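Engineer: Next one to model:
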Amino acid sequence: MISIRDIREGLLQLILPHTCAGCGSDTLQVDSSICLECLHRLPATHYAHFNDNPVERKFIGRLPLQAASAQYYFFKQSIIRQLMHLLKYRGYIDLGVQLGQLMGEQLQESGRFNKVDMLVPLPLSPARMRKRGYN
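Structural biologist: Below is the predicted model:
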């Protein structure tokens, strides 16, 4: 049975189609900023699943930590670079929310971050923080 919500989302998609921030194609989902194809193209590191990964080695002895990870490789011509620039410099906040949810799911799946009290983003200069309004 088709629900009123399905009808509403279908009408919204016809009137205001959601396009993918990565490739510009239709996302087919009202609450998504990235299409499935672009999600699969994200250059994942899978570091969250492994002890002694390159990110952990970089911070060992420099600060107390339980685990460390980087979710994606950041290449000059990668889709993640394009998405990060849209988020940081063009204010695509919904994109940040979706990527954050995806990151949370990946960290939870790994099991290594279940007892972590906080996630610490890379520091942002005060001037950039004022300009963007978020880190």
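Engineer: got a list of what residue 119 touches?
Structural biologist: Contacts for residue 119 were tallied using Cβ atoms under 8 Å, 6 or more residues apart in numbering; they are 107, 113. In short, each C-beta sits where N, CA and C put it, glycine included.
Engineer: Report the separation between it and residue 45.
Structural biologist: 16 Å (Cβ to Cβ, to the nearest Å).
Engineer: same thing with residue 101?
Structural biologist: 18 Å.
Engineer: Not counting residues beside it along the chain, what's closest to residue 65?
Structural biologist: residue 59 (5.9 Å; Cβ to Cβ, 6 or more residues apart in numbering).
Engineer: burial measure for the one you found, as a count.
Structural biologist: Per other Cβ atoms under 10 Å, the neighbour tally for residue 59 reads 11.
Engineer: likewise residue 25?
Structural biologist: A total of 13 residues lie near residue 25 under the criterion other Cβ under 10 Å.
Engineer: In contact with the closest residue in space to it that isn't next to it in sequence, which residues?
Structural biologist: Nearest residue to residue 25, sequence neighbours excluded (Cβ to Cβ, 6+ apart): residue 35, at 5.4 Å. Residue 35 makes contacts with 20, 22-23, 25-28, as judged by Cβ under 8 Å, 6+ apart.
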